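Colleague: fold the following, please.
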Amino acid sequence: MAEGAAGHAGSPRRFVPPPRAAVDPAVFDHPLFARVRAFRDLLSGDRWPTVAELDARLALRGRRLVEQDAALLADGLHYETRIAQGRIATRAASWHDLFNALVWACHPQLKHALNRRQCLHVATMPTGQRNRAQAALTQFDETGVIVCVQDDALIAAWDAHDWPMLFAPPHWQAGRITIAAVFGHALMEQALLPGRLLVGKCVVVRGDDEGACIETVARAIEQGATVTDPLQLRPLPLAGIPGWHPQQDATFHGNADYFRPLRQGRLYPPPLLPR
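Modeller: Numbers count the residues shown, from 1 in each chain. Okay, the predicted model is just below:
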């Protein structure tokens, strides 16, 4: 849950979410929120659930949500180390931390894998310093998306940033490429404002079973076989997915500030293969 993840094209400034009362509940109908929709009652309405209420509702196995206050932070522990000891520091009345808690409930295997890898690096790095693997793990935690792809031609199009080919509706309608999970809780927070041009940082799996793809990514992270460098993560302009943005007209993919051309020399790893 590192702070300040970007994920929005052309906007390096920290995102300020809208007040809870200003969020239209209809925003949660967007496919980006599909995995957390079972907790819609926690997302709608003027009243924030307290951290204690959220902890009781989610009942995370082996972890507790604890309110982040001065008394908690006085232990001096690193955020990830505290999680490994069973406590997830959670700010009250925070969209960011609410979505983080919901992702813990929906994808515990992924969250545990990320935490274990982070703790391995925390133990070897000087205080206040992070290596590239930690940066990659944080980016995936904040803005991660898991994508299942069955068609090699679509991988080639993504490799080349051929966005019109990648986002052609027939590929998505036929299931040749699917979103297995929007994992990043910062993406969910930013999607509270409809129409934003969000960019997911993706791990790709060759397959069509979304559950198996998610398990493959969790296992690969656990083994240190993926998300070890930020450059491994494929950018995906999420507004290009058919039906994910209201303005997908004939000129939409011409916005080069969002649908960016491939940077010279940029290479992506091949998709993971499920076992």
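Colleague: I'd like to know how many residues surround Ser94.
Modeller: Residues lying near Ser94 (other Cβ atoms under 10 Å) number 17. C-betas here are computed from N, CA, C, even on glycine.
Colleague: typo on my end, Thr81
Modeller: 16.
Colleague: wait, doesn't it sit right on Leu120?
Modeller: No. Taking contacts as Cβ atoms under 8 Å, Thr81 lies outside contact range of Leu120: 11.1 Å.
Colleague: common neighbours of the two, please.
Modeller: Common contacts of Thr81 and Leu120 (Cβ atoms under 8 Å, 6 or more residues apart in numbering): none found.
Colleague: OK, contacts around the residue nearest to Ala133 when sequence neighbours are not counted?
Modeller: Distances taken as Cβ to Cβ, 6 or more residues apart in numbering place Thr228 nearest to Ala133, at 4.7 Å, with adjacent residues excluded. Counting by Cβ under 8 Å, 6+ apart, Thr228 touches 132-133, 136.
Colleague: so what strands line up beside the host helix or strand of Ala180?
Modeller: For Ala180, the host element (DSSP states H and E) is strand 177-182. With DSSP bridges as the test, strand 177-182 is paired with strand 144-149 (antiparallel).
Colleague: now the element after the partner strand, going C-ward?
Modeller: Next element after strand 144-149 (DSSP H and E): helix 152-159.
Colleague: could you flag which of the contacts of Thr228 are buried?
Modeller: 133, 136 (16 or more other Cβ atoms under 10 Å).
Colleague: JSON lines for the contacts of Thr228, including distance to Arg61?
Modeller: Formatted as JSON lines, the contacts of Thr228 follow (distance: Cβ to Cβ, whole Å):
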{"residue": "Arg132", "distance to Arg61": "31"}
{"residue": "Ala133", "distance to Arg61": "26"}
{"residue": "Ala136", "distance to Arg61": "26"}
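Colleague: what about the longest helix in the chain?
Modeller: Longest helix of the chain, by residue count under DSSP state H: helix 108-122.
Colleague: what packs against that helix?
Modeller: On a contact count with 3 or more Cβ pairs under 8 Å, 6 or more residues apart in numbering; DSSP states H and E, helix 108-122 meets helix 79-84, helix 132-143, helix 210-222.
Colleague: what does it rub up against?
Modeller: Under Cβ under 8 Å, 6+ apart, the answer for helix 108-122 is 60-61, 78, 80-81, 83-84, 103-104, 130-131, 133-134, 137-138, 140-141, 181, 183, 214-215, 217-219, 221-222, 224, 227.
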